[in-house]
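Undergrad: Sequence and predicted structure, then a few things I'm wondering about:
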Amino acid sequence: MTLKPILILLAALSGPALAQDTDPAAEPTVAPPRDALVTLINNSGAMVMHFFATPVLPEPESSGQSAGIAPTATAAPTESADLLAGGVISPGSNAVLNLPGGADICTFTLRFELRDQRIVQGSADVCASDVYVIE
């Protein structure tokens, strides 16, 4: 006899929640934009003093425009501010940083300025691997 009131109570509590979760007219939840995380491993033998990243935007597709009409120009991406923001990456250490541009950008040009005055440059596809080794 006490089981029936508990079942009715559970049905009353779960009914509206199930209807909300399965309502096809409900608007989907959109995740907020985020930057791409990358782990930098310093195997250079010198301290990394500055780190800059530039997103590489995909080439625009040909729109089949007729002769005499120039395609719309897009602004070239600019290099980020120093992503270490006054910090350093010691030799043999690593750091996890956000690359600007959002998680939908995969390729970045990277530039590292080392304490011994060397500049190390490279590119990274963070969609293929989120680890970059500085050598």
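TA: Received the coordinates, thanks.

Undergrad: Neighbours of residue 134, how many?
TA: Using other Cβ atoms under 10 Å, residue 134 has 20 other residues around it. C-betas here are computed from N, CA, C, even on glycine.

Undergrad: From residue 95, how far off is residue 85?
TA: Noted for residue 85: a distance of 11 Å to residue 95, by Cβ to Cβ, to the nearest Å.

Undergrad: Please list all residues in contact with the nearest residue to residue 135 once chain neighbours are set aside.
TA: Computed as Cβ to Cβ, 6 or more residues apart in numbering, the closest residue to residue 135 that is not its neighbour in sequence is residue 43, at 5.2 Å. Counting by Cβ atoms under 8 Å, 6 or more residues apart in numbering, residue 43 touches 91, 92, 133, 134, 135.

Undergrad: And residue 132, by the same measure?
TA: Contacts of residue 132 (Cβ under 8 Å, 6+ apart): 38, 39, 40, 41, 110, 122, 124.

Undergrad: Let me know the helix or strand that it is in.
TA: If you go by DSSP states H and E, residue 132 is part of strand 131-134.

Undergrad: burial count for residue 90?
TA: By the criterion of other Cβ under 10 Å, residue 90 has 12 neighbours.

Undergrad: If you drop the residues flanking it in sequence, what lies closest to it?
TA: Of all residues not flanking residue 90 in the chain, residue 47 sits nearest, at 5.6 Å (Cβ to Cβ, 6+ apart).

Undergrad: and what of residue 114?
TA: Here the residue nearest residue 114, using Cβ to Cβ, 6+ apart, is residue 46, at 4.2 Å.
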